[in-house]
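A.B. asks: output the structure for:
(chains A and B)
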Amino acid sequence: MHGRPRKAASKPEASAAKALKLRSVQSQFMSNHHRKIYTQEAIQLSAKLLAINPEAYTAWNYRKLAVEDNLSRIDDSDPSLVNSILNEELEVVAIALRRNLKSYGAWYHRKWVLSKGHCSLEKEMQLLNKYQKLDLRNFHAWNYRRFVVELTKTSPQDELQYTTDLINDVSFSNYSAWHNRSALLSSLVSKKPDGFMPKETIRRELDYVHNAIFTDEDDQSAWFYYLWLLDQTVKMETPLRTSSWPSDGSIIILSGPGCFNGSSSSKFTTFCSESASFPLILYFDQAVSGVSSSTVTIDSELQGNQDLVWEPVSDKNSQLSCVWVARLKFDSTEPCFRKENKVKVSLGKSQGIVSSRGCNLSAPFEFVFTVHIHDTVGEPQEGIVSWTDGFDNWDAQSKDLNSLITSDQLNADTGFEWRKQAIKIEIECFRDLHDSKFGKLILARLLMAEETMISDDAVKGVHYNEILQLYNDLMALNSSHDQYYKDEHSVALLHKVTSSTGMYRRMSRHLFLYRNMNNIVCLRLNNLTLSRIAAVEKFLFVQMLDLSHNELHSAEGLEAMQLLCCLNLCHNRIRSFSALDSLRHLKQLRVLDVSHNDMGGKHPVDTTRYLCSRPLSNSAEIGRQVPCKYWDAYLVLRDLKKLKQLDIIRGNDLIAGEEFSSFVRQVVPKLVWLDGHKLAS
Amino acid sequence: MIDLPPYPPLDPSNYDLIIVGTGVSESVLAAAASSSGSSVLHLDPNPFYGSHFASLSLPDLTSFLHSNSVSPPPLPPSNNHDFISVDLVNRSLYSSVEISSFESEILEEHSRRFNVDLCGPRVVFCADESINLMLKSGANNYVEFKSIDASFVGDSSGELRNVPDSRAAIFKDKSLTLLEKNQLMKFFKLVQSHLASSTENDDTTTVKISEEDMESPFVDFLTKMRLPPKIKSIILYAIAMLDYDQDNMETCRHILKTKEGIDRMALYIISMGRFSNALGALIYPIYGQGELPQAFCRRAAVKGCIYVLRMPITALLLDKETGGYKGVRLASGQEIFSQKLILDPCVTVGLESLSSLTDQQNETLSVLVPKALINKEKVARGICVIRGSVKADVSNALIVYPPKSLFPEQLTAIRVMQLGSGLAVCPADMHVLYLSTLCDNDDQGIKSLLSAMSNLIRLPDPENHQSDSVVENDTCEAKPILLWRALYVQEPVKGEYGGTISSMPSPDGNLNYNEIVESALKLYEQLMGSEELFKEETSVENTTEENDGGVDIED
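C.D. replies: Presented below is the predicted three-dimensional model:
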């Protein structure tokens, strides 16, 4: 039981005597069991054994056999005989539970007896009420209660009242009661009987749990319930396409490999492709499945795009992902050359894009973009890409940026308004609790949630400074969790950077044009103490990204940036290759700098190396030869087929040396520059 | 008293200690002294145990309040000339006694089913000194308790708000805002952490209230902790149970220091969790407060103390030579001798007899000389028998009206306690309501009590006497109806140690017995030296205490 000290162990002599007695009972019982003796006397012996040791699983199983045996002998027509046999079992369980309230075998046996029918379920409920008062958080009793409730068809409303009574009258620090409450409400809300519409139910529950939180902010049980409620409030049922590349109304210029003619206008995204195709990226606010050529239709004059293959961009081998990508083909030699090609993408017209919860896309949606195909002049550049020179400030006008970034879509979910209202009330409420760390954390989360719900551009982004301040306070207040706060701080910071406030986009100060590469747009987010990547849905257009001199420990999140060809991750805290795993999805990547990350250094053991499914258990790997020494590097690099420039050795431990560079050259045959040295072809 | 049948002479006639009066302090002393081996004679002029702490039927209570102001006539002086005899006078502790019955028939029918306290409203805190003493002495075996179900704070609007006195109560409270809940619970935690740090010595992690704060007024400390007035008032008057308006320096006779405030909160908080079968901090003895002195008397009797009720003493006997105390003369005429004497607070020496005494004799009698009251503070008490309850679904409850909550000139808190038939103090469907407040003069005190009464109950309609079930209006209908009422003002007398003759205190204006028991224990120490209190019992009773907490509390 909780919060009660254990009693000191009894004296060794006493326990030895006990053991001796137990052993003799046990051996007698075992011999009965083996000889299948089910006499009254033998059954009594098993009861005696279980009374001493409820954990004797064999004895429970023996009793099951004995019951079956007895039932087969008696006249079925006499229910009182059946009852007496089963009631005796219940009695044995009750005695065992008196010894150990948490005996798995005993509770399971009781379930088994009940499944035979014939038992008074009312009595079970009474027994349960007693046991649940004895130990409020006995999960065996709670599980059994759910089992009995199922059998008795007790209404969820009654069970909800039971949790309320326990919370009100016994103690509100009852995780089990709060948890059962969330389970009951989930089922009630999904069935929507009277008085349990999501809007009213969640408001009522929020108001209720506030009492617990404000009374004792250090009590975690109420916080867990609150966080569950908050999740129910914030999470829209229907998924939403939040972003895409190309975005609606944008103009993109495509070309073959190399430079193209004339100065490119900064208003357009230019994209050079060697394979005469460009990615079409869809970004959803929650992981969805079912993105395919039947759910997404494309109208365009570009040839050969009838049966597009949509692929989820996710680390797991699942068909659920926030990011989906397809490759549209174009041909620079076709007649459509130098002509405007309109591409219309519509999704959601036919059902099929569903979230993990099984909800369909909130509303059908379509967007149109224009494609210009340019001629290429000259050979592709083979020069080294520098992260220090060749950048021009890009005085991007707001409208230029707006055409690059998909403006925020608001969910058309019917519950949107009340959810927004609920969050507003919560924010007001938790401003009162600002001097507690939990209060600060919740407030920061609430403000983040509200940000995503604000539709008015004029007030968008107003909360970010407050959120950042809250996380700064939290880092100072509770240093043992500062990595978590730092991550959340980074998320908020990135959202702040990408947020638009009226005519001004904060992002523009981070945007540059890189002269040596067709003036492609470079997003420089260096020196921002970022520890986590977020808001990538706003960066989909970016082809060159500088994240150097931050505190990133993983490249997770970058996989959505399918256009990315140059990436700088130097001077971060990426300690292992497995943290670079998401880069595998970046098929366009040509320049990568991961130097000065102390990779392979003396860090606490990288558990992902051992826990993750690679290299052997992953079915995709079977049959492939994985070089044993650098297998982790291999798994990342082998998919970066276009990589021409790699900075990896400087500032990273253990991987220096000729052996490693020859390994890299082997894995990445197109590599020209390794750590600033031109490789002999 | 004159009609008393001749009483057989007491044997023996010599004791270590004679105690007159069976109030709580006298009974505690009797039990303590007898258990330490002293021979004790315990007398009471009344036909019941408890003196000013007794629980009585309505007629007995009425006659006690009235008759107590009459002194027994002195007997003719005895012919024993070895001693000087000093006649004793009974002074009255009660004034402005006013008793009115509104439904005499019903009350007469049930008159013997009432056990009404003289010293109400009074409760026992689960952790207070009187419970400790009962456990120590074994007196707990003779009393059963029940929990007080709820406590409320009232004001002139007539609304009764729950006192959020625990984590669960704060959680459930409907009148506090979320922020107030947070502030109140934080304050409780601060007090708890402070208490924990003072018991576990060098634990630096726990928060402690600074020395400076501990010496400052409690009310200022509460303000410093940013507690809103509503919560301050709850803590000061409904938890720390203060009497005087702490915000008014002019009228407040006792500005409580934080140190004392924390002690009072500690008593409350520890009381809440002491017995698992008690609902809250407060318990009340079934059959009334009179059970407590009686329990100690029974304990004393077990240890050999001799009890004689209906036996007033009429005179003190002093040594002719030294003027020292020798013994007493009983109303029966018998002369009994003892080393020491302890007297009920209303026993004094007549002023006329004093004038003829020598200095030495005067010194012996010093504690009996009525003194000009330094502190004019009195306790106004009221008792109401009502039909119905002041709060639906609640039978036993404490209600506090903080200063100024009923009317602007209200200087002191008024405490009201409702007790029901579950405590065997009145017939079913009725309740007894006790009220008390401190006052400077009778009028002021009675005015406060009447104001609280009119807030809670209604007088029977004189015209519509018989049919009070007629619906008049909503608020009126909800209020319980008054059947019987007693109002009186009681003069508090402090106990005093005077060597051979000591006098005991009268019931104070507090809600519990802490101060009374403390003064009794102090007197015991003075009388008996460093003799340990109830040392024998502690070892015997220890085993039972482990099982049920030692106190019988009925669910």
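
A.B. asks: tell me which helix or strand B:Leu292 sits in.
C.D. replies: Element membership of B:Leu292, judged by DSSP states H and E, is helix B:291-302.

A.B. asks: okay, now the sheet partners of the host helix or strand of A:Phe278, with direction.
C.D. replies: In this assignment (DSSP H and E), A:Phe278 forms part of strand A:277-289. The strands that strand A:277-289 pairs with in its sheet are strand A:241-245 (antiparallel), strand A:321-329 (antiparallel), strand A:354-355 (antiparallel) (by DSSP bridges).

A.B. asks: need the winner for burial among those.
C.D. replies: Among those, ranked by average contacts under mean count of other C-beta atoms under 10 Å in any protein chain shown, first place goes to strand A:241-245 (a mean of 24). Any C-beta I mention is one placed from the backbone N, CA and C, and that applies to glycine too.

A.B. asks: could you point out which element follows it?
C.D. replies: As assigned by DSSP H and E, the chain's next helix or strand after strand A:241-245 is strand A:251-255.

A.B. asks: okay, helices next: where are they in the stretch 1-150 of chain A?
C.D. replies: Taking DSSP state H, counting those that start in this stretch as the criterion, the stretch 1-150 of chain A carries its helices at A:12-34, A:40-52, A:57-73, A:79-99, A:104-115, A:121-134, A:139-152.

A.B. asks: and those as a markdown table, adding mean neighbour count?
C.D. replies: Formatted as a markdown table, the entries for the helices of the stretch 1-150 of chain A read as follows, by neighbours: other C-beta atoms under 10 Å in any protein chain shown:
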| stretch | mean neighbour count |
| --- | --- |
| helix A:12-34 | 13 |
| helix A:40-52 | 17 |
| helix A:57-73 | 17 |
| helix A:79-99 | 17 |
| helix A:104-115 | 19 |
| helix A:121-134 | 15 |
| helix A:139-152 | 17 |
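
A.B. asks: and the ones you listed, which one averages the lowest pLDDT?
C.D. replies: Here the helices of the stretch 1-150 of chain A differ in mean pLDDT, and the lowest is helix A:121-134 at a mean of 82.

A.B. asks: return the residues in contact with the residue of the stretch 301-450 of chain A found nearest chain B.
C.D. replies: With C-beta to the nearest C-beta as the measure, the residue in the stretch 301-450 of chain A that lies nearest chain B is A:Asp432; the distance is 4.5 Å. Listed by C-beta atoms under 8 Å, 6 or more residues apart in numbering or on different chains, the contact partners of A:Asp432 are A:Phe214, A:Gly439, B:Leu178, B:Leu179, B:Asn182.

A.B. asks: give me that answer again for 7 Å
C.D. replies: Taking C-beta atoms under 7 Å, 6 or more residues apart in numbering or on different chains as the criterion, A:Asp432 is in contact with B:Leu178, B:Leu179.

A.B. asks: repeat for B:Val163
C.D. replies: Listed by C-beta under 7 Å, 6+ apart, the contact set of B:Val163 reads B:Ser151, B:Phe152, B:Val153, B:Ile234, B:Ala238, B:Ile239.

A.B. asks: does B:Thr258 really touch B:Phe221, like I thought?
C.D. replies: Yes - under the criterion of C-beta atoms under 7 Å, B:Thr258 makes contact with B:Phe221 at 4.3 Å.

A.B. asks: common neighbours of the two, please.
C.D. replies: Residues touching both B:Thr258 and B:Phe221 (C-beta under 7 Å, 6+ apart) are B:Asp213.

A.B. asks: partner strands of the helix or strand hosting B:Tyr307 and their direction?
C.D. replies: Using DSSP H and E, B:Tyr307 sits within strand B:306-308. For strand B:306-308, sheet partners with direction are given as strand B:40-43 (parallel), following DSSP bridges.

A.B. asks: compute the distance between the residue of the stretch 301-450 of chain A closest to chain B and A:Thr215, please.
C.D. replies: When C-beta to C-beta, to the nearest Å is the yardstick, A:Asp432 and A:Thr215 sit 13 Å from each other.

A.B. asks: count the neighbours of A:Arg229 for me.
C.D. replies: Careful, residue A:229 is Leu; it's not Arg. Summarising burial for A:Leu229: neighbours were counted as other C-beta atoms under 10 Å in any protein chain shown, giving 22.

A.B. asks: now do it, the pLDDT please.
C.D. replies: The confidence metric pLDDT takes the value 93 at A:Leu229.

A.B. asks: now whichever helix or strand it is part of, how far from the chain's geometric center?
C.D. replies: Using DSSP H and E, A:Leu229 maps to helix A:220-234. For helix A:220-234, the separation from the chain centroid amounts to 17 Å (computed by C-alpha atoms, centre = their mean, to the nearest Å).

A.B. asks: what do you get for stretch B:174-194?
C.D. replies: Distance, stretch centre to chain centre, for stretch B:174-194: 30 Å (C-alpha atoms, centre = their mean).

A.B. asks: go on, stretch A:429-448?
C.D. replies: With C-alpha atoms, centre = their mean, you get 23 Å for stretch A:429-448.

A.B. asks: next, work out how far apart A:Glu159 and chain B are.
C.D. replies: Distance from A:Glu159 to chain B, counting by C-beta to the nearest C-beta, to the nearest Å: 20 Å.

A.B. asks: enumerate every residue touching that residue.
C.D. replies: Going by C-beta under 7 Å, 6+ apart, A:Glu159 touches A:Val149, A:Leu184.

A.B. asks: distance check, A:Leu45 against A:Trp60.
C.D. replies: 14 Å.

A.B. asks: how many other residues sit next to B:Ser151?
C.D. replies: B:Ser151 is flanked by 26 other residues according to other C-beta under 10 Å.

A.B. asks: show me the contacts for B:Ala266.
C.D. replies: Each residue near B:Ala266 by C-beta under 7 Å, 6+ apart is listed here: B:Val191, B:Leu195.

A.B. asks: related to what we said a few turns ago, out of the strands paired with strand A:277-289, which comes closest to A:Ile74?
C.D. replies: strand A:354-355 (53.5 Å; C-beta to C-beta).
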